[in-house]
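Asker: Sequence and predicted structure below; questions after.
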Amino acid sequence: MRFCMGGFAVAGALLFGGCGRSGVLKIVELPVTGKVTLDGQPVAGATVTFQSNATLSTFMAVTGPDGVYHLQTADLRAGDCQGPCRVSISRFLKPGGVALGQEEVPFLVGAVESLPPRTATLESTMLTADVPAGGGTFDFSLAKL
């Protein structure tokens with residue numbers, strides 16, 4: 001899922017970046033950040049996705065070792081990350097709890113979702129965030145079932 005979502009995000013950004021603009025696509029960091037924890041512990045390597053309810057634009061980040069994320073997007077989409085958003089948090093791990101490599105496709109290496117299914121996809125998520133015009137900090141505390 002991580003590979004597919006990331007690939008679609010980059011491909012989409014490249015397509016939209018070429019419409020009506022010349023030059024190179026510029027990726028910008030949004031003023032939206034936060035921390036993801038699972039049972040009180042930071043979650044490293046999780047893909048955090050915000051999807052605007054109004055525009056359906058998506059914004060993504062991967063958490064660092066401390067569980068902290070900073071959303072990014074193509075510069076021409078930066079203004080779309082405002083208002084109510086659905087939020088999904090997903091992390092695939094290979095057998096033995098090993099993190100995926102940069103180019104690995106989860107199902108090809110036997111990776112499985114390691115976070116609660118109710119938060120792992122935009123279709124199933126119960127997580128939301130109401131992003132103000134100036135951005136904000138949104139922490140997500142997950143719990144195993």
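Answerer: Great, that's in hand. Since this is a predicted model, take the numbers as computed values, not measurements. Numbering: from 1, shown residues only.
Asker: Tell me where the protein has strands.
Answerer: Ranges of strands within the chain are 27-38, 41-42, 47-52, 58-62, 68-74, 83-90, 92-94, 98-99, 112-113, 127-131, 136-137, 140-142, based on DSSP state E.
Asker: low-confidence ranges in this structure?
Answerer: Along the chain, the parts satisfying pLDDT under 70 run over 1-23, 145.
Asker: how about the strands of the chain, which one is nearest Val105?
Answerer: Taking C-beta to C-beta, strand 92-94 is the member of the strands of the chain nearest to Val105, at 9.5 Å. C-beta coordinates here come from the backbone N, C-alpha and C atoms, glycine included.
Asker: which secondary structure elements does the closest one contact?
Answerer: Helices and strands touching strand 92-94, as assessed by 3 or more C-beta pairs under 8 Å, 6 or more residues apart in numbering; DSSP states H and E, comprise strand 112-113.
Asker: Show me what the strand it packs on is in contact with.
Answerer: 1, 90-93, 106, 120 (C-beta atoms under 8 Å, 6 or more residues apart in numbering).
Asker: ok, now with 10 Å
Answerer: 1, 90-95, 106, 119-121 (C-beta atoms under 10 Å, 6 or more residues apart in numbering).
Asker: first to last residue in stretch 103-113, what's the distance?
Answerer: One end of stretch 103-113 to the other measures 17 Å (C-alpha to C-alpha, to the nearest Å).
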